[in-house]
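Visitor: fold the following.
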Amino acid sequence: MAEAERIIGTPDTPEAAGAEPEQAAGHANDTAAERPRGRRRIAVLFGVAVFAYALDLISKMLVVAKLEHQPPIEIIGDWLQFEAIRNAGAAFGFGEAFTVIFTVIAAAVIVVIARLARKLYSLPWAIALGLLLGGALGNLTDRIFRSPGVFEGAVVDFIAPKHFAVFNLADSAIVCGGILIVLLSFKGLDPDGTVHKD
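Guide: As a prediction, the model looks like this:
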C-alpha cells in the first residue's frame, strides 16, 4: 500500500520528489531553455503561415486583375493551364450550397492551430501547422470578402492540371501541411517534440 501511494502521489517537481538541489536546479534550467525554443518554433509557424498567406493573396489578386474573363494561359501545353474560376464549394466544386459551413470549418481550424501553438516544440510540426494556417487563412479571406457576400464568398482557383480539379496556392499549402502531419504522426513525432512508439 505504501508503495502504491508513493507511485500515485509522486509530485511533478524534482524538489517535492526528494531530488537533490542540484537536480532541481538542472530541471529548472531545462525548463527555462525550453521556453525560448518553444517561442522559436511558434515564430517559425507564424512565419510560414504569413509567407503562404501572402503568396496566395498576391497570386489571387493577379489572377483576378489579369486572368479573369480571359482565355486560359497554357503553361505546359494543355497539361497545365492557368484558368480563373470562382469556387463556392470545397475541393472539386463539391458542396456549393454549404459555403457558410466551409467558412466555419476554416475558422475552427485556425483557432485549433493557434491553441496548439502554445505547446509546440517541434520544427517539422511548426512548418506543417504554418502551411495549414496560411492556407486556411487564404481561403477564409475569400469566403469573407469576395462576392456574393460575407461568409458566402467564392474562392479564386486558377491552377488547372489536365484531368484534375482547379485549385490555388492556399489549397496546395493545406495539402502539403496535411501530408506532412500524416508523415510526422506515422513516425511517432508529437507537436511537443516527444517521440512515441506504438
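Visitor: do you know how far the residue nearest to the spatial centre of the chain is from residue 126?
Guide: Among the residues of the chain, residue 132 comes closest to the average C-alpha position under Cα atoms, centre = their mean, at 2.0 Å. Between residue 132 and residue 126 the distance is 11 Å, computed by Cβ to Cβ, to the nearest Å. No exception for glycine: its C-beta is placed from N, CA and C like everyone else's.
Visitor: tell me the SS of residue 156?
Guide: Three states are possible here, and by DSSP: H, G, I helix; E, B strand; the rest coil the one that applies to residue 156 is strand.
Visitor: which residues does it bridge with?
Guide: With DSSP bridges applied, residue 156 shows beta-bridge pairing to residue 86.
Visitor: contact partners for the spatially closest residue to residue 168 that is not a sequence neighbour?
Guide: Using Cβ to Cβ, 6 or more residues apart in numbering and skipping the chain neighbours, the partner closest in space to residue 168 is residue 157 (4.9 Å). With contacts defined as Cβ atoms under 8 Å, 6 or more residues apart in numbering, the neighbours of residue 157 are 84-87, 166-168, 171.
Visitor: tell me if I'm right that residue 192 and residue 118 touch.
Guide: No: Residue 192 is not in contact with residue 118 according to Cβ atoms under 8 Å; the separation is 10.1 Å.
Visitor: looking at these two, which one has more neighbours?
Guide: It is residue 192, of residue 192 and residue 118, that has more neighbours when counted by other Cβ atoms under 10 Å, with 14 against 8.
Visitor: check which helix or strand the more buried one maps to.
Guide: Using DSSP states H and E, residue 192 sits in no helix or strand.
Visitor: I'd like the distance between it and residue 45.
Guide: The value you get for residue 192 to residue 45, if Cβ to Cβ is used, is 13 Å.
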